[in-house]
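Engineer: The following comprises the amino acid sequence and a computationally predicted model.
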Amino acid sequence: GGSVLGLEASCGTAGSGDPGLGHGARGSQASAERWASLGTTGTSAARPGIGPRLIHTVRVRGGNKKYRALRLDVGNFSWGSECCTRKTRIIDVVYNASNNDIVRTKTLVKNCIMLIDSTPYRQWYESHYALPLGRKKGAKLTPEEEEILNKKRSKKIQKKYDKSKKNAKISSLLEEQFQ
């Protein structure tokens, strides 16, 4: 359950090898000893989709391993203005500036706009500021949520919460996305 947020993703993509291989502009060919070496082969980009996690290990220079995601269903996202990073579900890809096929196929690439589950961020906000976020007026709270928001605190701690509440204002457009 929970509502969703539209956040910008940041997933890297791989390069495509050495431009010195193959033929030059006027038909010249690279020397034979430069034709095929592992360091210049390049790999295709992983371009993961949304689904149950599927990760392949790739052997790289020095016998080390890289982990290439082919499908992902969760990610680590940051709410920049609040300095809050949480692991949360990826729900959908909604926009990509370069290509509509990326949206249609739900491919996770750098700078795509995606919907994620907002529950971890709402829980953090409510425990940090002791203020409700994205709640409809008169909505019924669960006992745990009620306890977090209306917990009995010492005067010293309550003073800290009151001080932090002064900086707790977020835009109405963002608050709308939490509903």
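Structural biologist: That came through fine.
Engineer: Pull the residues that contact stretch 146-161.
Structural biologist: Applying C-beta atoms under 8 Å, 6 or more residues apart in numbering, the contact partners of stretch 146-161 are 126-127, 129-132, 141. Yep, even glycine has a C-beta here, placed from its N, CA and C like the rest.
Engineer: Reformat those into a markdown table and put secondary structure next to each item.
Structural biologist: Below are those laid out as a markdown table (DSSP: H, G, I helix; E, B strand; the rest coil):
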| residue | secondary structure |
| --- | --- |
| 126 | helix |
| 127 | helix |
| 129 | helix |
| 130 | coil |
| 131 | coil |
| 132 | coil |
| 141 | coil |
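Engineer: Using PyMOL, make a named selection holding only the buried ones among the residues you listed.
Structural biologist: Those of the contacts of stretch 146-161 that count as buried under 16 or more other C-beta atoms under 10 Å are selected in PyMOL with:
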select buried, resi 126+129+130+132
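Engineer: Need the max-distance pair from the contacts of stretch 146-161.
Structural biologist: Of all pairs drawn from the contacts of stretch 146-161, the one with the longest distance (C-beta to C-beta) is 129 and 141, at 15.5 Å.
Engineer: do you know how far residue 157 is from residue 151?
Structural biologist: 9 Å (C-beta to C-beta, to the nearest Å).
Engineer: swap in residue 43?
Structural biologist: Distance of residue 43 to residue 151, given as C-beta to C-beta: 52 Å.
Engineer: Check residue 87 too.
Structural biologist: 25 Å.
Engineer: One more: residue 102?
Structural biologist: Counting by C-beta to C-beta, the gap from residue 102 to residue 151 is 44 Å.
Engineer: Which phi and psi values does residue 62 adopt?
Structural biologist: Taking degrees, to the nearest 10, you get phi 80, psi 10 for the backbone angles of residue 62.
Engineer: what do you get for residue 104?
Structural biologist: Torsion angles, degrees, to the nearest 10, at residue 104: phi -60, psi -40.
Engineer: quick one on the thing from earlier: compare residue 87 and residue 151 (neighbour count), which wins?
Structural biologist: Higher neighbour count among residue 87 and residue 151: residue 151, with 12 against 9, using other C-beta atoms under 10 Å.
Engineer: Now do the SS call for the more buried one.
Structural biologist: Look at residue 151: counting by three-state DSSP, its state is coil.
Engineer: just for the chain, where's the confidence low?
Structural biologist: Applying pLDDT under 70 to the chain flags the ranges 1-22, 30-41.
Engineer: Output the longest strand belonging to it.
Structural biologist: strand 84-95 (DSSP state E).
Engineer: Please point out which parts of that one sit buried.
Structural biologist: 86, 88-91, 93.
Engineer: mind checking which helix or strand the residue nearest the centre of the chain is in?
Structural biologist: Closest residue to the average C-alpha location of the chain: residue 77 at 4.1 Å, with C-alpha atoms, centre = their mean. Assessed by DSSP states H and E, residue 77 sits inside strand 74-79.
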